[in-house]
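Undergrad: give me a model of this one.
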Amino acid sequence: MSKLWQHPYVNLFKHLNVAEWKKASKEGEVSTIMDKTLKSTVYRVTGSVPAGNYIQLPKTASQSLGLTGRFLYLLFKPVPGKYFVVHLDVATQDGLVIRISFSNLFCEFKSTATWLQFPYVCHAARGSVQELASIGSHDNLGPAPAAMRWTVLMLDLHYILSVYLNRRYAYLKSVRLCANLFVKNMFTSDTEYEPGLSLSEAKKTGVLAHGVTPMPREMAFPIPKGDTWHGRYDFVRFPSVTKKPPFDSIQRGDKTTQVSQYTEPGTISPKRTEPKEVQTSRPIRNPVSSFNHITSPKKRSHRRRPITASLPPVGVAMETSSESSIAVQPVGDEVHVYAHPTDEVIVHRHDEETGKVSSVRTSVPSTAGPIRSSVPSTTGPIRSSVSKQAAHPPVPVTKKSRHRTLKPDPILKLKRIVGFGGSTTKDVLWTANGQEIVYPCHAVIIAMETANGHQRFLVGHTDKVSALSFDGYSRLLASAQTGTTAVVRVWRFHNAECLSVFKTHVHSAHCLSFSQDGDVLCGVGKDGHGKNMVVVWDTSRVTRGGNVEVLAKAHTDVDIVQLRLAPHDSTRMVSCGRDNVRFWRLKHGSLRSAPVSLGEYHTMEFTDVMFPVLADRNAHTSERKLVYASTRSGYIFEVDTADISIHHVRRLLPVDPGPNREKATFHSVAGGIAVNAIYVNESFCVTGSDDGYLRLWPLDFTSVFLEAEHEGPVTAVRASDDGLKVLAG
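TA: Numbers count the residues shown, from 1 in each chain. Just a heads-up that it's a prediction; the model follows:
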């Protein structure tokens, strides 16, 4: 596509003629108002649910903006006391669409292969009461403060994709501005503009040579006479050089990092530099200390007093000065140096035969003559120069052993862990007998008895545990750890014995699923290019000391958040993710997948998928024909496994939506319950949702059997095999 018409910049609202809403769309509470600060018309997007009130550019999802500018400029102001969300869909040069989202509702940075979520920190206006009150605060996240100013946000899209996903930016596909915010305009450009900078100042400071130019009049904010741009507005660039937490967040930089100071022309945004070669004459054992040695300033050399490099031999006279003298005496293999020759000292001698140490109180010879040994030696006759030794006979001292053993050994023993999660909060398991629950806490796997709370631990992982899975009879437990050196461990659960440790072929395995008999294990993770990879292992020989072998593996561009092996057939699997539900089949050493036709529900964000658990584990195949899948917007899909089609779709809504009934969450869409996890058996269905409720439903979802509120979102649910106990995480 041609780029000439996009230079030097593109005014999105003017290019799409947003005022007529023919090439752009709006949903919910979107209106135009006259802003007193800017003295112009701006758009106001408000509403209690951000996902239901927005401005969409372009009008439909099938269209594309096709804007290739590296920098995106957003002129906006968050609504005080509210949350806002902005979604940017960008395309990479290999045809992949990545969603970049930022919001003051996000608490931390999160990423998948196709989605980046950045927290946005809303700072109060400089010098305001809110800013002074926030000094020293460690948590600036949350609703926008009352003293908010108009902001120019500059995003380096090329840098974001390159650093966070190792992708090459191609063009901007679409933009969605969700409630609650005021927005004046949006621009894309390959030029880095600096607000509040005049052309004369740019020439004087030399920033023009580094590609930084003053902001055009069409993008500029009005500045009253006697005021400055940075004194009235905020400029936020991402990535920035600020070191304030939370890291990987979009926030205003410090005053010392503002480019308006012009101290170092050309350091507007992070630039990639060529690596420097360092010549070394010996191997570097500690890179950090070597780097500090190279970069630290050189100290001035000072004249030091000469230091004696060697001690004189025993029995040899040495000239001494009248000011000081040093007496050197050997005792066995040791050399004693007396720094104060006029004082009495105690000399210790060790007898190798008896194992005792004798102590002798003695004094050092006078400094008037040559220095001689004053302690008798067994190696030869040396004349004693002190007559006081007779008054102090040797005192025998029993030598103690150098090594001691701590009693008891070990002196500390892990008894109990309070905590849940680490890399995942979606895996909590019941044992088949319903007596223990299994869950991770950082790198430790905890098995806790529900009757008395007694805990035992499966220790061996070196990083956070990211996935857990039992076989059908709780004899084998599989666990994966996150990180670049991700491994999977297979345990014999009853005695916590690790049967096998093997590499996962992926950077971070986030999902595991065991077959009913424990002979097949499948997992999902990321490969070196950030794509999802499904791997199937043969674990049939692991209990007999055999190796674990890879049966098949497949790369895919679709998003996968959960994958389950069919309980009746270890060669069939089902997965779900953003905009997809897929069935997988292992045949002749290869993995094949077929998507479920979602029709009008093709934009759903699926969170969990589940085969119904039957009391009779050897039940006939025909009784296991349905698969249940949940979504963020509250929909429950029943999918027929025979013809891979949707059997029924239901939506879960709060029974009594009152003012304080449902907690405000970003994921709740238009009143639906944002379901995070689902569990289904023959009699009922259990759901855990973002509003903090665990709910028990009949299989027709006509009413709620049970509803229990928790302090935070429920991310994992499981029921015991007898259906009498429910576990929530």
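
Undergrad: what ranges of the stretch 51-200 of the chain fall below the confidence cut-off?
TA: The stretch 51-200 of the chain contains residues with pLDDT under 70 at 129-130, 132-140.

Undergrad: can you do 90?
TA: Within the stretch 51-200 of the chain, the set of residues satisfying pLDDT under 90 comprises 51, 60-63, 107-109, 113, 123-148, 166, 191-192, 194-200.

Undergrad: contacting residues for residue 712?
TA: By CB atoms under 8 Å, 6 or more residues apart in numbering, residue 712 lies in contact with residue 692. C-betas here are computed from N, CA, C, even on glycine.

Undergrad: so where do the strands sit in the stretch 151-300 of the chain?
TA: With DSSP state E, counting those that start in this stretch, the ranges of strands along the stretch 151-300 of the chain come out as 151-156, 169-178, 181-189, 192-194, 212-214, 234-238.

Undergrad: could you dump the ones you listed to JSON lines with mean neighbour count and distance to residue 128?
TA: Shown next, in JSON lines, are the strands of the stretch 151-300 of the chain (neighbours: other CB atoms under 10 Å; distance: least, CB to CB, whole Å):
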{"stretch": "strand 151-156", "mean neighbour count": "22", "distance to residue 128": "14"}
{"stretch": "strand 169-178", "mean neighbour count": "22", "distance to residue 128": "25"}
{"stretch": "strand 181-189", "mean neighbour count": "22", "distance to residue 128": "18"}
{"stretch": "strand 192-194", "mean neighbour count": "21", "distance to residue 128": "24"}
{"stretch": "strand 212-214", "mean neighbour count": "19", "distance to residue 128": "28"}
{"stretch": "strand 234-238", "mean neighbour count": "21", "distance to residue 128": "12"}
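
Undergrad: adding distance to residue 548 as columns, could you present these in TSV?
TA: What follows is the strands of the stretch 151-300 of the chain, written out as TSV (distance: least, CB to CB, whole Å):
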stretch	distance to residue 548
strand 151-156	44
strand 169-178	40
strand 181-189	50
strand 192-194	52
strand 212-214	56
strand 234-238	44
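
Undergrad: distance check, the residue nearest to residue 121 when sequence neighbours are not counted against residue 119.
TA: In space, and not counting its chain neighbours, residue 121 is closest to residue 251: 3.5 Å by CB to CB, 6 or more residues apart in numbering. Using CB to CB, to the nearest Å, one obtains 8 Å as the distance from residue 251 to residue 119.

Undergrad: and if you look at residue 524?
TA: Going from residue 524 to residue 119 by CB to CB gives 26 Å.

Undergrad: how close does residue 194 get to residue 447?
TA: Counting by CB to CB - residue 194 and residue 447 are separated by 59 Å.

Undergrad: same check, this time on residue 114
TA: Per CB to CB, residue 114 is found 36 Å from residue 447.

Undergrad: same question for residue 6.
TA: Distance of residue 6 to residue 447, computed by CB to CB: 60 Å.

Undergrad: rewinding a little: which one's more surrounded, residue 524 and residue 119?
TA: Neighbour comparison, residue 524 and residue 119: the larger count goes to residue 524, with 26 against 22 (by other CB atoms under 10 Å).

Undergrad: burial count for residue 582?
TA: The burial count for residue 582: 20, using other CB under 10 Å.

Undergrad: who's more crowded, residue 6 and residue 447?
TA: Taking other CB under 10 Å, residue 6 and residue 447 do not tie; residue 447 has more neighbours (21 against 18).

Undergrad: please name the bridge partners of that one.
TA: Residue 447 has these beta-bridge partners by DSSP bridges: residue 438, residue 456.

Undergrad: is it true that it touches residue 453?
TA: No - in this structure residue 447 lies outside contact range of residue 453 using CB atoms under 8 Å: 11.7 Å.

Undergrad: rewinding a little: wait, the residue nearest to residue 121 touches residue 102, no?
TA: No - using CB under 8 Å, residue 251 makes no contact with residue 102, being 10.3 Å away.

Undergrad: what is in contact with those two at once?
TA: Listed as contacting both residue 251 and residue 102 by CB under 8 Å, 6+ apart are residue 120.

Undergrad: between these two, point out the one with more neighbours.
TA: Neighbours were counted for residue 251 and for residue 102 using other CB under 10 Å; residue 102 has more, 23 against 20.

Undergrad: done for today, thanks.
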